[in-house]
Every structure is written in C-alpha cells, then in structure tokens.
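Chemist: Need a 3D model of the following:
(2 chains)
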Amino acid sequence: MIRDTIVKNLEQAAAQAQQQGLIPQVDLPDIVLEHPQNPEHGDYAATVAMKLAKAARMNPFTIAEAITSVLSPIDGVEKVEVLRPGFINIVLSHDWLTRQVDEILNQGIQYGNSALGQGTKLQLEFVSVNPTGPLHVGHGRGSVLGSTLANILSATGYSVEKEYYINDAGNQMDNFFASLYARYREAVLGLPAEMPPDGYFGQYMIDLAQDLESEKSKIESMSEEEAKAHLGKLGLEKMLRQIDEDLKLLGVEFDNWFSEQTLYDSGQFEKIMALLGQDNHIEEREGAQWFVSTELGEDKDNVLVRSSGVPTYFAADIAYHYNKFAERGFDRVIDIWGADHQGHVSRMKTAMDALGISGNNLDILLSQMVSLRRGEEVVKVSKRTGDIVTLREVIEEVGADVCRFFFLARSANSQMDFDLELAKKQSLDNPVYYVQYGHARIAGIMRLAREKGIDYSNGNVSLLTEPAELDIIKLLIQFAETLEIVAKTLEPQHLPYYAQDLATSFHNFYEKCRVITEDEQLTAARLKLVEASRFVMAKALHLMGMNAPERM
RNA sequence: GUCCCUGUAGCUCAACGGAUAGAGCGACUGCCUUCUAAGCAGUAGGUUCCGAGUUCGAGUCUCGGCAGGGACGCCA
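Modeler: Below is the predicted model of the structure:
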C-alpha cells in the first residue's frame, strides 16, 4: 500500500534528518498518516513534526521542513507541502492514481487483501448461546459482528476458524431436560407434571415436546431417568439445528461446533485442575474448590468445583480456552460475548495467565444490549416467561441485509435501539439500499456495455481527469486501509461507513459523468473505473455478509 | 457501595490526540426526452452532558460530578 511506503520514507527521512543534525537525536514517534478532511490539505497528512516539537525543543514547522528536505522522491507522490503549524501534507499524482484502476482490475477479487495477519492461526468464537431456547436480537448482533470480523480477518491475512461453543453440560442442561420432560408429560402423554421452578417456560418448549410425539411409545416404556435423557438428547439436537438454521438466515456459518461435554470426556477438565492445583491456585473451602484469583490481582476468588462436586461454568470455560491455545494451537483467540458477561472477562484472562498462556492473546469483545422498538413502543422482553421476539422474526420482518447493516454500523460497545418500524419504513431510503443501489447502478452500466459489445480492455485510464472520477479512485485505494483498520481495532463499523462513502462518490460520478457515450476512448476508460468500483463495492458488501444485487 | 459501557444535529449513530466535528432519517428549495430519481445539488439544524486538568492541539486522554444501561451467585 502506498500509505505504508510513505510512512517508511518519512521514517527514513526523519532518521536522516537526525543524522545530519537538522533535528536532535530524540526518540521518534510512530509516524501516523491521516486523511485530511479538507482536500486542500492533500491526500495524506503526517503530524510527526508536531509530536516531536517538545522533545526536540524546536518549532514544529522547522522540523517538518527538515524532514521533507531530506525526503527522497516517492513513486506516486506528486507534492509534499509543509503547512502551519507543522503538518506534512502529501498529494498523490494524477498519473499514479489513475494507474490504480488498472491495478485493481488486475488484482480483481483479491484487491484489498493484505498480509497483515501473516497467517496467524486465529480462532473467533461467537454466539455460543446455550441451546435451551431460540435466538433473540441480541444474539443476532453478536453473530453479525463475529461473522463480519471473520471475513475481514481472513482477507487481511489471518487463518481464521469460526467456532460455536455448545454448553451441553451442567446445570442449565439439567434444567432444560427436566423442563422438556415435564412439557412432554403434559402435552404428549397427557399426564400431570411439574416444571422446575427455574425451568424454561416459553411456548417453544411445548412445541418442542409436541415435535417429539413420534417417540411416545418408546418413552412410555422407559424409566423417568431414561426418558429424560432420551428426550433431552433429541431436544438438544433440535434446538441446535434451529439455532443453526436461524443463523444461516442471517448468513452466519461456523467451521466448528465445540461441545462442552467433550472437555470432561477427554480429561481436559481434569488436566487444567491439576495444572492450577500444582501451582497453588486452588484452595478448598467449605467443600468447594476455589480459584484463588485475588492473589493474581482479581477482586475476588471464584468457585471452580462446587461442594456438590459439579464444576462451574467458569471452570469449564478455563478448560475450553486452555484447549484452544494449548491443545489446538491457536496463536490468538477472539471471543465475542454479550455485555452481561463483562464480569467474566478479567478473571478469564487471569486464569489464562495462571496457566502460562498470556491473556494478551485472548481478545474479548462485548456486544452491548439491543432493545427492540416499534416506533415509540418498546417491545418488551421477558426471559422468565419466555416471551421474546426471536431473531428469526426480526429477520423475516426486515430482511437479513438490513439486519446485518444496522448491527454492523454501530460500535459494539454502544447499546442500541433497533427500531423495527424505522428499519422497514425507511426501507426505500435507507443506507442499506443506498449502498446496494450503488452496486446495482454499476451492474446496469456494465450490462449495457456488454449488450453493446464494448471492449474496454485497452481503455486508457489517464483520460480520467474529472474530480468525480478521481474522488472514486481515492476511495478505492482506501479500501485496503479500511480493512486493516478493522482488523487492528476489531471495530467493523468502519466498513459500512466506507461502503456508504464509496456509494456516495459513485452516485455523484454517475450524475456528473455519463459513462457510455460516442467518445469511445473516454467510454473505455470510464468502464474500467466502473468495473474497478464494482469489484470493491461487491467485495465490501460480501465482507459484510450482504448481497450485491445486479438490479433493484 | 465497587467495577464495566454509553452520553455528539429533532431522531438513529460515525469521527487512528490534529486543520472548518460528519452521515442517514426527518424538515425546507431546486433537478428526470440520457447507463435505474432507491439518485444528485443546495438550505436549516451543534456550548460534543457539566466542571477542572494534561498539551502546541481534546468529542477523543486524566480526575471529579450528573444521567442512562449492565455486572457484582457454589447461575451462565
């Protein structure tokens, strides 16, 4: 990327300026290039001179001049200017810019990819909802976040595996089994039954029981324990299948579904307990096994194994994460959790440190709560009664693309209102369609070009001189930068905003510059630009898991 | 009480410590004999919750308030 080239050259120039005694030998800050808002300030701007001013005890303007005076020429850079108080503004050359159109066409669908991740083996775990009920909107947010990050991290050179962790062991499973068995007795066997007090009371449990009606004769011949286990196994499978289907509606798929139960079956759990015990991180109190995390800087200690002998969720999660790093060899792990798990973040990292795995290799993103609204009316959600609006209902109501875009465009750590009314009412003027319409217009032009049999392969891109044309090119070359920003910050909202900017600049171009005209030379050049825009626009949409429609 | 997230235009939200804080929706004014008007151009709309501090420079960092949400269990 030219951005990297410029940074490297500026670094060399700064070092050289120091060697020549133009500026004092102080530590050089990382050189950061930004895109100035004001086009008069060039295409890139460096602020290094201002940052050096204090340590160097020099006027930033003088520092900037010193650096630029020894800066060697850079291919693609036309002009380097120093402006008060000490900005180094960089203007790209017209020739280099237009050449990028050919470059994009050469790279095709690869354009925008980078080697940033250097093949780092990375696991992204998200959703991981307990399979005891259907997904709701909040889960949709996490799943869109996760799948989009996975796409972008793959494009930026990480070797990514997407995983869903199935909590198929422990308390909530017992509860689920007991609830299902009770519902089955009532709904299928017509017998009295008592739901567990903290059971799952949603209507879906009754539906689930009725779906298993074909098991009736088998169940009747079984003991209660056998029946519970049998129904539970089938019910769990059905729940998982439903979750999988709902996620697929949103365009979310996993590479691996990992069962919690296997941690116990494989001895993984025993292993981490032994490891922690051996380093004196475990103490027994009142019959329970405690992780002495206060000694590692945590606010409190946490139970790993209850006095009943049943391990806690936390303990299983430690074993699970140990498995990710130590057994499966991931270099880096990213988890996406709901904000209600925030209290778990710090102790999880601490546990990793205790096992000799740096918690720094574990990133935990929290996706904040989503509340549903219908205009002024707040859509009430009650977990206890199971009275929830499911993710599937929302997708069916507003569409998967709208759903994905709305979730993506908001930073994960902001709570959001999802207004169903707005998502639908706006549907014709909404940013989602604005972006997709940009792609459809592009496709329309290319379609016409094909119908007319226009060969633009020899188009001369240097004929692209209109500001509207150059604006698009400048945005196209920012695509890879945007993907890297997302990969570094793990904040995918930059991509939908980029896509909107690109759509704006294309719509503007469309209005000002007719592509297919009598002028064959210009037509060919512009078709190249349109085709390059199509690659990038389609890729941006696909990375977000959205459709890039040919027509609308 | 402690900890985490948030507070930016009427609404929903952006903005690696940089130059004149931006989009979409909503409001108002223009633009369709042309490759799609699901578009374009323009106008109005801001004490970035409040107060201190750090610095050449703060919506962004620090501290203290205020407001909303969340977490503080041998639940997950």
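Chemist: So for the spatially most central residue of chain A, what's the nearest residue that isn't a sequence neighbour?
Modeler: For chain A, the residue nearest the mean C-alpha position is A:L149 (2.7 Å; Cα atoms, centre = their mean). Spatially, and ignoring its direct neighbours in sequence, A:L149 is nearest to A:P492 (5.8 Å; Cβ to Cβ, 6 or more residues apart in numbering). To be clear about C-beta, it is placed using only N, CA and C from the backbone, and glycine gets the same treatment.
Chemist: which residues sit in contact with A:W96?
Modeler: Residues near A:W96 by Cβ atoms under 8 Å, 6 or more residues apart in numbering: A:I2, A:D75, A:G76, A:V77, A:E78.
Chemist: Sort out which of the residues you listed are in helices and list them.
Modeler: When DSSP state H defines the helices, the subset of the contacts of A:W96 inside them is A:I2.
Chemist: Can I get the buried part of the contacts of A:W96 as one PyMOL selection?
Modeler: To isolate the buried members of the contacts of A:W96 in PyMOL, using 16 or more other Cβ atoms under 10 Å:
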select buried, chain A and resi 2+76+77+78
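Chemist: circling back: list the contacts for the residue nearest to A:L149?
Modeler: Contact analysis of A:P492 by Cβ under 8 Å, 6+ apart lists A:L145, A:T148, A:L149, A:I152, A:L408, A:V486, A:M544.
Chemist: Per-residue pLDDT of A:Y510, please?
Modeler: On pLDDT, A:Y510 comes in at 94.
Chemist: That one against A:A440, yeah?
Modeler: No: contact criterion Cβ atoms under 8 Å: A:Y510 and A:A440 do not qualify, at 11.2 Å.
Chemist: Also near RNA strand B: which of the contacts of A:P492, exactly?
Modeler: Checked against RNA strand B using Cβ under 7 Å from any atom of the strand, the contacts of A:P492 yield no neighbours at all.
Chemist: How is chain A divided into domains?
Modeler: A:2-92, A:429-543 (automatic domain parsing).
Chemist: Pick the most deeply packed of those.
Modeler: domain A:429-543 (a mean of 19; mean count of other Cβ atoms under 10 Å).
Chemist: what does the stretch 151-300 of chain A have sitting close to RNA strand B?
Modeler: A:N167, A:G170, A:N171, A:Q172, A:R285, A:E286, A:G287, A:A288, A:D299, A:K300.
Chemist: what's the spacing between A:P467 and A:C513?
Modeler: As judged by Cβ to Cβ, to the nearest Å, A:P467 and A:C513 stand 10 Å apart.
Chemist: Check A:S69 too.
Modeler: 40 Å.
Chemist: now A:T5
Modeler: Between A:T5 and A:C513 the computed distance is 30 Å (Cβ to Cβ).
Chemist: and what of A:S259?
Modeler: Per Cβ to Cβ, A:S259 is found 57 Å from A:C513.
Chemist: Now do the same contact list for the residue nearest to the centre of chain A.
Modeler: Neighbour list for A:L149: A:L124, A:I334, A:I336, A:V486, A:L490, A:P492 [criterion: Cβ under 8 Å, 6+ apart].
Chemist: In helices, which of those fall?
Modeler: Of those, the ones assigned to helices by DSSP H are A:V486.
Chemist: could you dump the contacts of A:L149 to TSV with pLDDT?
Modeler: Shown next, in TSV, are the contacts of A:L149 (pLDDT from 0 to 100):
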residue	pLDDT
A:L124	97
A:I334	97
A:I336	96
A:V486	95
A:L490	95
A:P492	95
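Chemist: can you tell me which of the contacts of A:L149 are in strands?
Modeler: A:L124, A:I334, A:I336 (DSSP state E).
Chemist: what pLDDT does the residue of chain A most remote from its centre get?
Modeler: Largest separation from the mean C-alpha position in chain A: A:S221, at 49.1 Å (Cα atoms, centre = their mean). Here the pLDDT value assigned to A:S221 is 95.
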